[in-house]
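**Q** Sequence and predicted structure are below.
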Amino acid sequence: MSKFEYHDALSKLGLEMGNERESRGITVLRAILNTSDTLGEPHTFGEIYDQILSMDDKFEPSKAWVHRLLKSLLEDGLIRLESPEAPRNRYIADVNSIANGLEKIKEAQEEKLEEELKKLKKDLSSFSELDVGVIAEHLIEDLTGKKQTLSSRFIKGIEELHRVLKNNIHAQAEEGDIIRSNMTWLGSLAKDSHHRIRKDIEAASRGVEVRWMISSRIFQMEQKIKSGLPSEELAHLFQDFFKLRRNKMSFDLRIHRGAEAYNHVSLNRDALAMIITDEPLTATYVTRDFNAELIDNTVDNFDALWNNSISLFELKGEDLEKLRIDPNGVIGKILAGLETEG
């Protein structure tokens, strides 16, 4: 351990070395250790106090100050009493007492840091949930008395994307509205899928028509699914889909072949969140006021593919072959199991 590392370690334990910044505990500990030539000998308060005065002519602490420091060093375990029952206290400091004391301080500091870390994680989680777009809209209203809706924003990461979808798509959807989702990013969606799909379940239960569409190309990505997405999570996701259907909610998931669709989630022709890149995930959110042409083109493209796609809930054996779904692969086994349950 270098001298810098050693001083840094002491500092982390609340002990500072050096003439100008030396901690009070170190000053008294230094006096105890240097009162005699032999380490570990017991010393009286008077002997220790005289040693402190001899170390620095300009420093004359009160005896009460030294008593307080000795008590603190005893509590920390850095020094010990020769005999706690003796009528007159004699203090001992050696490598054993100091090591025991430092261990005690270290454990206390670790507990304190663990508590601080818990609070920081809680604060970070709460902070991450903030939607700056919604806050900006409320701030405008507070400052001007006028309402203004965010017309566009850049999105980074799956968590921010889901916050935007929650606040700007799902929360705004009402009975008779249509939420369209093209899910070539199925892996990102399926992570914590039960939590993610809840927004669509709530929307469908309000009478919103939820249309999910995925490309048949996903079914040829067996290796990527195995390495990046646990098959158990994917199975749970498909089970949720079938549960929605059995409960007669307005939800459908269709599989399209051929041309690629824009990777997006939209609300009617009013708002759109479009995926730009998958890894790292980036997206853009726009409203009709900002870019009506982009929204119309995306929805038209989606609807054209939707009308010629196959519903997951109506798949037959021959459809699996057309879609090149391996019956013995991850997806094929999941679908076969769901058919058996149904």
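**A** Here it is on my side, so go on. Residues are numbered from 1 along each chain as shown.

**Q** hey, where'd the helices end up in the stretch 151-300 of the chain?
**A** Assigned by DSSP state H, counting those that start in this stretch, the stretch 151-300 of the chain shows helices spanning 158-164, 186-190, 193-205, 222-228, 231-246, 288-306.

**Q** Is it possible to get JSON lines of these that adds distance to K63 and mean pLDDT?
**A** Any C-beta I mention is one placed from the backbone N, CA and C, and that applies to glycine too. Below are the helices of the stretch 151-300 of the chain laid out as JSON lines (distance: least, CB to CB, whole Å; pLDDT from 0 to 100):
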{"stretch": "helix 158-164", "distance to K63": "60", "mean pLDDT": "86"}
{"stretch": "helix 186-190", "distance to K63": "68", "mean pLDDT": "51"}
{"stretch": "helix 193-205", "distance to K63": "64", "mean pLDDT": "76"}
{"stretch": "helix 222-228", "distance to K63": "69", "mean pLDDT": "51"}
{"stretch": "helix 231-246", "distance to K63": "69", "mean pLDDT": "75"}
{"stretch": "helix 288-306", "distance to K63": "76", "mean pLDDT": "94"}
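
**Q** Low-confidence regions, the stretch 51-200 of the chain specifically.
**A** Along the stretch 51-200 of the chain, segments meeting pLDDT under 70 span 184-196.

**Q** Now with 90, please.
**A** 55-61, 82-88, 124-134, 136-137, 147-152, 157-163, 166-167, 182-200 (pLDDT under 90).

**Q** Which parts of it are strands?
**A** Here the stretch 51-200 of the chain has its strands, by DSSP state E, counting those that start in this stretch, at 80-81, 90-92, 152-156, 178-182.

**Q** Return the most buried member of those strands.
**A** Highest mean neighbour count among the strands of the stretch 51-200 of the chain (mean count of other CB atoms under 10 Å): strand 178-182, with a mean of 22.

**Q** partners of that strand, with directions?
**A** Applying DSSP bridges, strand 178-182 is found paired with strand 209-215 (parallel), strand 264-267 (antiparallel).

**Q** Which helix in the chain has the most residues?
**A** The single longest helix within the chain, with elements called by DSSP state H, is helix 95-128.

**Q** buried stuff in it?
**A** 97-98, 101-102, 105 (16 or more other CB atoms under 10 Å).

**Q** can you check stretch 198-215 too?
**A** Buried residues in stretch 198-215, defined by neighbour count with 16+ other CB under 10 Å: 199-201, 203-204, 208-215.

**Q** ok, now how distant is the residue most central in space within the chain from K119?
**A** Here the mean C-alpha position of the chain is nearest to the C-alpha of S125 (CA atoms, centre = their mean), at a distance of 6.0 Å. Computed as CB to CB, to the nearest Å, the S125 to K119 distance reads 11 Å.

**Q** what's the overlap in contacts for those two?
**A** Common contact partners of S125 and K119 (CB atoms under 8 Å, 6 or more residues apart in numbering): none.

**Q** quick one: I201 and S250 touch, right?
**A** No: judged on CB atoms under 8 Å, I201 makes no contact with S250 at a distance of 11.1 Å.

**Q** contacting residues for E60?
**A** E60 neighbours (CB under 8 Å, 6+ apart): L53.

**Q** picking that back up, adding mean pLDDT and distance to R254, write the strands paired with strand 178-182 out as CSV.
**A** Output for those, formatted as CSV (pLDDT from 0 to 100; distance: least, CB to CB, whole Å):
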stretch, mean pLDDT, distance to R254
strand 209-215, 89, 5
strand 264-267, 94, 15
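
**Q** Is there a neighbour count for L267? I'd like the number.
**A** L267 has 25 neighbours, counted by other CB atoms under 10 Å.

**Q** Would you mind confirming that it is in contact with Q172?
**A** Yes: counting by CB under 8 Å, L267 touches Q172, with 6.1 Å between them.

**Q** Just give me the neighbour total for P327.
**A** 12.

**Q** sec struct for it, please.
**A** Following DSSP: H, G, I helix; E, B strand; the rest coil, the label given to P327 is coil.

**Q** Tell me how far it lies from Q239.
**A** On the measure of CB to CB, P327 and Q239 end up 19 Å apart.
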